[in-house]
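K.L.:
no sequence for this one, just the structure:
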C-alpha cells in the first residue's frame with residue numbers, strides 16, 4: 001500500500017533533542033535500541049521461536065532478536081522493581097507488627113489500536129512468568145470493561161467505542177482495587193473480538209498473581225474529578241508508541257487480513273465487509289481509522305504518553321527503535 005493511500009502524510013522525523021523536548025524537560029532518558037540491549041546483562045533468553053510464533057499478533061513481525069534486545073532488559077528492570085516493592089512491603093509489615101502476602105505488582109500498558117500493545121503484553125507476560133521470583137503473571141485487557149453493545153447503542157456511543165466514555169470505569173476500578181487488595185479470586189468480564197461485544201456470563205478469574213499486566217487504549221487516562229483512576233493502582237506503566245502514519249498503515253493491513261479470515265465467519269460483527277474488493281476495503285478501513293481510531297489517539301491516548309514510566313518507540317518496520325525511561 002502506498003503512503004498516498006493513507007489519511008495523512010507521515011510526520012517529519014524528529015531529532016533526539018526535539019524528542020526530548022516533546023517528552024518534557026529532561027523527563028526521560030532516551031536509549032537507542034543497541035544501548036538498551038546492553039542492559040540485558042546476563043538475562044537468559046527463555047522463549048523459543050515456536051513460543052514466539054504463538055504470541056505474535058496478526059501483522060506483527062516481532063523477532064527473537066527484538067525479544068532479546070528489548071524485552072529481556074525490560075524484564076530485568078521489572079524483576080528488580082518487583083523485588084524492591086516486596087522489600088518495601090516488608091518494611092511496612094515490620095512497622096505494623098504483622099506479615100501479609102505482598103499485593104500483586106500491576107503493570108499498565110497503553111497505546112493506540114494496531115500499534116502492537118497486545119502482542120507486547122503477551123510476550124512480556126511469557127517472559128516475566130519465566131523468572132523464578134514471580135511465576136504467576138496474569139494478563140487482563142480493558143476490552144472486557146467496555147459497555148455491552150446494547151448499552152453503547154442506547155447511549156449513541158458505537159461510533160466512540162474505545163473512547164473513555166465507552167468503558168464501565170466503576171467496574172474497572174473495582175476490579176483493580178480488589179486485585180491490589182489481594183482478594184483470593186477476582187473476576188473480569190470477557191470480550192469477543194469476533195462478535196465485537198461482551199460475552200454474557202463469561203469471566204476471566206484472576207487468583208492473586210505475582211504480577212498483573214493490565215492492557216488497554218486508555219489505561220493512563222486522567223479523568224478530571226474522578227476519585228480514583230486505573231493508573232492509581234499501577235506500579236509501572238508502558239506506552240507503546242509509533243508515528244500516526246505507520247499505525248494507520250498497520251491498521252489497514254490488519255483490516256485486510258481480518259477480511260480474509262475472521263470477517264468470513266457469519267457471527268463476525270464485520271461480516272458485511274467480507275467480500276468487498278480490496279480498494280473498497282481499504283477505503284472502509286481508512287474511514288474507520290480516520291473517524292474513530294485516529295481521533296481517539298489524538299484526543300485521548302497520545303496525551304497520556306508522558307504519564308508512562310517507559311515509552312517504546314517503534315519505527316515503520318514495526319520494530320522498537322528507541323526506549324524512553326522516565327527519570328526517577
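P.N.:
Received the coordinates, thanks. Because the structure is a prediction, the values reported are computed rather than measured.
K.L.:
so residue 253: helix, strand or coil?
P.N.:
Three-state call for residue 253 (DSSP: H, G, I helix; E, B strand; the rest coil): helix.
K.L.:
name the nearest residue to it, ignoring sequence neighbours.
P.N.:
residue 59 (5.0 Å; CB to CB, 6 or more residues apart in numbering). All C-beta spots, glycine's among them, are computed from the backbone N, C-alpha and C.
K.L.:
so after the helix or strand of the chain with the lowest mean pLDDT, what's the next helix or strand?
P.N.:
Least confident helix or strand of the chain, by mean pLDDT, DSSP states H and E, is helix 16-22 with a mean of 49. Sequence-wise, the next helix or strand downstream of helix 16-22 (DSSP states H and E) is strand 28-32.
K.L.:
I'd like the mean pLDDT over that following strand, please.
P.N.:
Averaging pLDDT along strand 28-32 yields 95.
K.L.:
could you do stretch 142-159 as well?
P.N.:
For stretch 142-159, mean pLDDT rounds to 97.
K.L.:
equivalent analysis for stretch 46-62, please.
P.N.:
Across stretch 46-62, the average pLDDT comes to 84.
K.L.:
hmm, who's touching that stretch?
P.N.:
With contacts defined as CB atoms under 8 Å, 6 or more residues apart in numbering, stretch 46-62 is touched by 63-64, 67, 114, 116, 118-119, 122-123, 126-127, 130, 250, 253-254, 257-258, 317-319.
K.L.:
hmm, residue 121 is touching residue 211, no?
P.N.:
No. Here residue 121 does not reach residue 211: they are 11.5 Å apart, not a contact under CB atoms under 8 Å.
K.L.:
and the residue found closest to residue 79 once you drop the neighbours it is linked to in the chain, how close does it get to residue 82?
P.N.:
Among residues not flanking residue 79 along the chain, residue 131 sits closest, at 5.3 Å (CB to CB, 6+ apart). Going from residue 131 to residue 82 by CB to CB, to the nearest Å gives 8 Å.
K.L.:
and residue 211, by the same measure?
P.N.:
Residue 211 is 7 Å from residue 82, by CB to CB.
K.L.:
quickly list what's touching both of the two.
P.N.:
Joint contacts of residue 211 and residue 82 (CB under 8 Å, 6+ apart) are 105, 134.
K.L.:
and the closest residue to residue 310 other than its chain neighbours, what is it in contact with?
P.N.:
Among residues not flanking residue 310 along the chain, residue 238 sits closest, at 4.8 Å (CB to CB, 6+ apart). Listed by CB under 8 Å, 6+ apart, the contact partners of residue 238 are 107, 108, 109, 110, 120, 308, 309, 310, 311, 312.
K.L.:
recalculate using a threshold of 10 Å.
P.N.:
When contacts are counted by CB atoms under 10 Å, 6 or more residues apart in numbering, residue 238 touches 74, 78, 107-111, 117, 120-121, 124, 213, 215, 219-220, 308-312, 323.
K.L.:
now do residue 304
P.N.:
Contacts of residue 304 (CB under 10 Å, 6+ apart): 108, 110, 111, 217, 218, 219, 220, 221, 222, 231, 237, 239.
K.L.:
roughly how far does the third one sit from residue 197?
P.N.:
The span separating residue 111 from residue 197 equals 23 Å under the rule CB to CB.
K.L.:
who's more crowded, these two?
P.N.:
The residue with more neighbours, out of residue 111 and residue 197, is residue 111; 31 against 16, by other CB atoms under 10 Å.
K.L.:
the more buried one against residue 320, yeah?
P.N.:
No. Between residue 111 and residue 320 there is no contact under CB atoms under 10 Å: 12.0 Å.
K.L.:
any residues in contact with both of those two?
P.N.:
Listed as contacting both residue 111 and residue 320 by CB under 10 Å, 6+ apart are 120, 240, 241, 242, 312, 314.
K.L.:
how close does the residue nearest to residue 222 when sequence neighbours are not counted sit to residue 108?
P.N.:
Excluding the flanking residues, the one nearest residue 222 by CB to CB, 6+ apart is residue 229, at 6.2 Å. Distance, residue 229 to residue 108, by CB to CB: 10 Å.
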